[in-house]
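pasting a predicted model and its sequence here:
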Amino acid sequence: EGFDKIALLGKGGMGEVWKVRENKTGKLYALKTMLPQIAGDKKARDMFLREAKLTEFLDHENVVRTYKTGFSNNVYYIPMDICEGGSVDDLMKRYGGKLSLNLATFIILQALEGLEYVHNVPVQAEIVKRGLFGGRREKLMDAKGLVHRDFKPGNIFLMDKSDHPVAKVADFGMAKAFQAAGFSTMSSEGMVKGTFPFMPRQQALDCRFAKPEVDVWAAAASYYYMLTGQFPKNFRQGVNMWQILVTESATPIRQR
């Protein structure tokens, strides 16, 4: 309610993103929705709402702005800035698989500005403490900074299709307040979150306690990919991705 759908921008296992127009103001948004069948899963619903809580106060030119979460017709939704230029993945396809040095650098420097802000912004993190007899207590903790944990070209969005677009970091579904690392139940021990080709070794080994440097590595990996069209590590058929990620070094970029 309150929005007119214009076009489907993307779809995943948990939800959809629509380009919409707000009836009251005529303003365009990207509306991230959670599919009704997924909303019945408490953990998935908690993750969606947690992303909304963590990000609705973020306000920086190079971070996609999210607005207050809504619930209508059994659908949870988050209105966000509309980025008409699509993602850097989309841009790379338009340019034949990789970007020029000037364009890739122009984009990644903006994304790094967004990450620098996110890593230092004051946040309120929800922490869970367990009692001796199995009880649990939830409370809010003041913390400094979020770590994204899934930074990649597909999560850098462009405001338009010009030669020098404003770039914004998006999709904080994996983010957490790193000063509260280990206190939340959203990341279980042994769970790996992120996208393998852009993930540093330390994140694969210890996702719960990821610090901002995992995003810095992912930004370097994204820049590498934007320039070469290839991942930093040599993922290949017949060899386990996890083994490559943890045990092998990146291929020097000049060899690409």
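That came through fine.

list the buried ones in stretch 240-247?
244-245 (16 or more other Cβ atoms under 10 Å). (C-beta placed from N, C-alpha, C; glycine too.)

an error on my part: the question was meant for stretch 77-93.
Here stretch 77-93 shows 77-83, 85-88, 90-92 as buried, counting by 16+ other Cβ under 10 Å.

cool, stretch 42-54 as well?
Buried-residue list, stretch 42-54, by 16+ other Cβ under 10 Å: 44, 47-52, 54.

and for stretch 57-70?
58, 60, 62-66, 69-70.

quick check, nearest of those to G145?
Taking Cβ to Cβ as the measure, G145 sits nearest to L58 out of the buried residues of stretch 57-70, at 11.2 Å.

what about the closest one, distance to V121?
To V121, L58 is 7 Å away according to Cβ to Cβ, to the nearest Å.

how about I253?
Taking Cβ to Cβ, one finds I253 at 31 Å from V121.

next one: Y223
23 Å.

who's more crowded, the two?
Neighbour comparison, Y223 and V121: the larger count goes to Y223, with 21 against 17 (by other Cβ atoms under 10 Å).

where does pLDDT dip in the stretch 51-200 of the chain?
124-143, 177-194 (pLDDT under 70).

could you redo the last one with a cut-off of 80?
Across the stretch 51-200 of the chain, the ranges flagged by pLDDT under 80 are 51-56, 73-74, 123-144, 173-196, 200.

where along it do the strands fall?
Secondary structure of the stretch 51-200 of the chain (DSSP state E, counting those that start in this stretch): strands at 70-72, 75-80, 86-87, 122-130, 136-144, 146-147, 156-158, 167-169, 176-177.

for F3, report the pLDDT, please.
Model confidence at F3, given as pLDDT, is 91.

who touches it in this structure?
20-23, 29, 31, 79 (Cβ atoms under 8 Å, 6 or more residues apart in numbering).

TSV for the buried residues of stretch 77-93, including distance to E1?
What follows is the buried residues of stretch 77-93, written out as TSV (distance: Cβ to Cβ, whole Å):
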residue	distance to E1
Y77	10
I78	15
P79	13
M80	18
D81	21
I82	19
C83	24
G85	29
G86	27
S87	28
V88	33
D90	30
L91	34
M92	37
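
my read is Y29 is in a strand, agree?
Yes - assessed by DSSP: H, G, I helix; E, B strand; the rest coil, Y29 belongs to a strand.

what's across from it in the sheet?
V20 (DSSP bridges).

from Y225, how far off is it?
In terms of Cβ to Cβ, Y29 sits 29 Å off from Y225.

could you do L49 as well?
For L49, the distance to Y225 - Cβ to Cβ - is 31 Å.

ok, now A39?
34 Å.

same thing with T55?
From T55 over to Y225 the distance is 25 Å, taken as Cβ to Cβ.

so what's the most centrally placed residue in the chain up against?
By Cα atoms, centre = their mean, the chain has its centre lying nearest to D171, at 3.2 Å. Applying Cβ under 8 Å, 6+ apart, we find D171 in contact with 64, 150, 155.
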